[in-house]
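Asks: let me see the structure of the following:
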Amino acid sequence: MRFFERKQVDEVIAEATPLRRTMRTFDLTLLGIGAIIGTGIFVLTGKGALTAGPALSVSFLLAAVCCGFAGLCYAEFASMVPVSGSAYTYAYIAFGEIVAFMIGWDLVLEYALQAATVSAGWSGYFVNLLDGLGLHIPVQLTAAYGTTPGVTTYFNLPGFLIVLAITWVLSIGINQTKRTNDVMVLIKLAVIILFIVCVVRFVQPGNWKPFSPYGWYSFRSGSTTPMGIIPAASIVFFSFIGFDAVSSSAEETINPNKTLPRGILISLGISTVLYIIMTLIMTGVVRYPEFAKFINAPVAGVILKTGMGWLAFIVNIGALLGMTTVMLVQLYGQSRICYAMSRDGMIPRFFGTVHPRYRTPLQGTWFFGLLTAIAGGLVNINVLFELVNIGTLSAFIIVSAGIIWMRWKHPEAHRGFRAPGVPFTPLVSIVFCLVLIAGLNWETWVRFVVWFALGMVVYFSYAASHSKLRLADKNRADDTHRDHHEIDGSQSASH
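Replies: The predicted structure is shown next:
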């Protein structure tokens with residue numbers, strides 16, 4: 001069927017537009033860490049501890065294992081098809097146009113919602129930092145309407161402004177983006193290590209008992225909200241989203257066949273170790289039910305318990321930098337996905353125009369940056385962040401299945417990195433993703449289906465008729481028909 005028409009690997013590589021190649025393994029590793037470490041430590045550990053207790057460390061490990069198996073699949077695809085587009089491009093090669101469009105549509109939502117969600121958390125830490133310095137922003141401008149029960153708020157001004165600032169950095173070139181991210185990630189890692197060294201002596205092993213109060217999966221009496229290790233893993237999975245954005249930088253990476261797999265897997269490994277250490281220390285210092293008192297700033301609650309007030313200011317800075325790098329990588333990944341989709345004719349050419357000086361998709365970067373800033377400023381997105389998780393897990397499933405398909409159908413394709421244990425590795429990735437999806441609530445499923453249906457409307461009303469692959473096939477068919485007509489005409493004339 002024409003909707004499932006696939007691109008060839010050589011064809012995709014030949015279409016790549018020469019963006020500026022400056023990214024090395026070190027930069028890609030910091031890009032991945034920048035995307036992963038942030039909201040998970042500074043925000044989600046509170047909700048996760050209430051959901052799983054001290055076993056939250058197992059939840060992080062479960063989410064990391066899922067991402068690890070998926071990461072191996074991403075690494076193989078990235079080495080085989082080193083171009084922008086990430087899961088969108090991989091799906092186009094493995095499963096065809098309509099699947100690729102839906103994954104691209106899915107990723108646009110994923111990156112925008114995550115950046116907007118993180119901007120809300122960033123705003124909270126920024127306002128607290130200013131309050132500590134004796135500076136105050138009108139409370140009405142500190143959050144979107146309806147975000148904080150009992151408090152009248154209208155607009156998240158700090159979140160709006162930080163997204164605009166990040167969009168500006170992204171728009172002026174990959175060198176500026178790379179340097180900004182590298183510096184912030186190194187400072188963030190130094191702050192996290194300082195926290196670990198200073199707080200570990202306050203751990204009381206008794207706080208880890210019971211280690212898993214809700215088991216793997218359970219419900220409280222009279223509640224429909226799932227509790228336990230698996231539901232907590234579904235929540236903290238949000239923390240790991242972003243390592244896949246590393247593969248979006250393929251066309252700006254030096255020797256992408258080697259450096260992309262290294263960047264993906266090293267950043268994932270470092271982040272997992274830090275998450276588990278931080279979680280064990282935090283639940284060892286503070287008993288898990290007490291996190292309800294500071295669910296939006298769990299690290300601050302742990303520091304309060306230790307009495308080290310001086311550390312709070314430093315960690316606040318680390319939290320701001322941590323969430324800034326998360327937003328930077330998400331908006332970067334989103335702009336590169338849209339660039340790839342525009343190049344294929346799936347969305348208007350406007351989004352893929354490369355600036356002649358900065359060598360970035362300037363217009364698309366600013367368009368989605370503004371949309372994300374407005375969403376973070378005006379919309380109460382607390383109930384929508386799980387949409388990011390289900391969207392990302394769906395992309396992981398497609399990429400993992402794509403590896404099995406490509407090994408079967410195209411074993412000859414050049415691969416700078418080969419995922420070990422295929423088909424076992426991608427199959428395990430798919431199973432883990434399905435388990436985490438099962439841990440999400442039913443409202444998330446409904447919202448995802450609505451977004452999916454809207455994407456189908458966009459595909460059939462625009463993308464299907466503007467697809468460059470489809471138009472090229474149509475032109476070839478017209479040329480063939482014309483040639484046959486001319487041959488038939490010449491033969492008739494000779495008779």
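Asks: buried residues in the host helix or strand of Ile337?
Replies: Assessed by DSSP states H and E, Ile337 sits inside helix 309-343. Buried residues in helix 309-343, defined by neighbour count with 16 or more other Cβ atoms under 10 Å: 311-312, 314-316, 318-343. C-beta here means a position set from N, CA and C on the backbone, and glycine is covered the same way.
Asks: after that helix, which helix or strand is next?
Replies: According to DSSP H and E, the helix or strand after helix 309-343 is helix 362-378.
Asks: for the stretch 201-350 of the chain, just list every one of the strands.
Replies: Secondary structure of the stretch 201-350 of the chain, counting by DSSP state E, counting those that start in this stretch: strands at 218-219, 226-227.
Asks: quick one: the helices in the stretch 351-495 of the chain?
Replies: Secondary structure of the stretch 351-495 of the chain, counting by DSSP state H, counting those that start in this stretch: helices at 362-378, 385-409, 424-438, 442-458, 464-466, 468-494.
Asks: let me know the pLDDT of Val199.
Replies: Each residue has a pLDDT score; the one for Val199 is 91.
Asks: show me what the host helix or strand of it is packed against.
Replies: Taking DSSP H and E as the definition, Val199 sits inside helix 174-199. Packing partners of helix 174-199 (3 or more Cβ pairs under 8 Å, 6 or more residues apart in numbering; DSSP states H and E): helix 25-36, helix 157-171, helix 256-285, helix 298-306, helix 309-343.
Asks: now mean pLDDT and distance to Lys468 too, for those helices, in a markdown table please.
Replies: Converted to a markdown table, the helices and strands packed on helix 174-199 look like this (pLDDT from 0 to 100; distance: least, Cβ to Cβ, whole Å):
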| stretch | mean pLDDT | distance to Lys468 |
| --- | --- | --- |
| helix 25-36 | 82 | 29 |
| helix 157-171 | 90 | 25 |
| helix 256-285 | 86 | 23 |
| helix 298-306 | 84 | 48 |
| helix 309-343 | 83 | 8 |
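Asks: Serialize those helices to a markdown table and add fields for distance to Val457.
Replies: Listed next are the helices and strands packed on helix 174-199 as a markdown table, based on distance: least, Cβ to Cβ, whole Å:
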| stretch | distance to Val457 |
| --- | --- |
| helix 25-36 | 30 |
| helix 157-171 | 27 |
| helix 256-285 | 33 |
| helix 298-306 | 40 |
| helix 309-343 | 16 |
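Asks: quick one: which of these is nearest Glu5?
Replies: In terms of Cβ to Cβ, the element of those nearest to Glu5 is helix 309-343, at 15.8 Å.
Asks: which strands and helices sit next to that closest one?
Replies: Counting by 3+ Cβ pairs under 8 Å, 6+ apart, helix 309-343 packs on helix 25-36, helix 39, helix 87-94, helix 97-132, helix 157-171, helix 174-199, helix 298-306, helix 362-378.
Asks: what angle separates the third one from helix 97-132?
Replies: With axes from the mean of the first three to the mean of the last three Cα atoms, to 10 degrees as the basis, helix 87-94 and helix 97-132 are set at 170 degrees to each other.
Asks: do the same with the last one
Replies: Per the same axes, to 10 degrees, the angle that helix 362-378 makes with helix 97-132 is 50 degrees.
Asks: how about helix 362-378: buried residues?
Replies: Buried positions in helix 362-378, judged by neighbour count with 16+ other Cβ under 10 Å: 362-369, 372-373, 375-377.
Asks: how about the longest one?
Replies: Buried residues in helix 97-132, defined by neighbour count with 16+ other Cβ under 10 Å: 97-129.
Asks: how distant is it from the center of its chain?
Replies: 9 Å (Cα atoms, centre = their mean, to the nearest Å).
Asks: and it, average pLDDT?
Replies: Mean predicted lDDT for helix 97-132 stands at 83.
Asks: averaged pLDDT, stretch 349-363. What do you get?
Replies: Average pLDDT, stretch 349-363: 78.
Asks: what sits against Cys73?
Replies: Each residue near Cys73 by Cβ atoms under 8 Å, 6 or more residues apart in numbering is listed here: 396, 399-400, 402-403, 419, 425-426, 429.
Asks: which secondary structure element is home to it?
Replies: Using DSSP H and E, Cys73 falls within helix 56-80.
Asks: next, the angle from that helix to helix 25-36.
Replies: Using the same axes, to 10 degrees, helix 56-80 lies at 140 degrees relative to helix 25-36.
Asks: from Pro426, how far out is Gly301?
Replies: 40 Å (Cβ to Cβ, to the nearest Å).
Asks: over to Leu133?
Replies: Distance of Leu133 to Pro426, computed by Cβ to Cβ: 50 Å.
Asks: next: Cys198.
Replies: 42 Å.
Asks: which one of the two has more residues nearby?
Replies: Legend: neighbour count by other Cβ atoms under 10 Å for Cys198 and Pro426, higher for Pro426 (26 against 16).
Asks: wait, that one sits on Phe69?
Replies: Yes: here Pro426 lies in contact with Phe69, judged by Cβ atoms under 8 Å, at a distance of 7.3 Å.
Asks: which neighbours do the two share?
Replies: Ser400.
Asks: now the helix holding Val199 and helix 256-285, what's the angle there?
Replies: Going by the same axes, to 10 degrees, helix 174-199 makes 30 degrees with helix 256-285.
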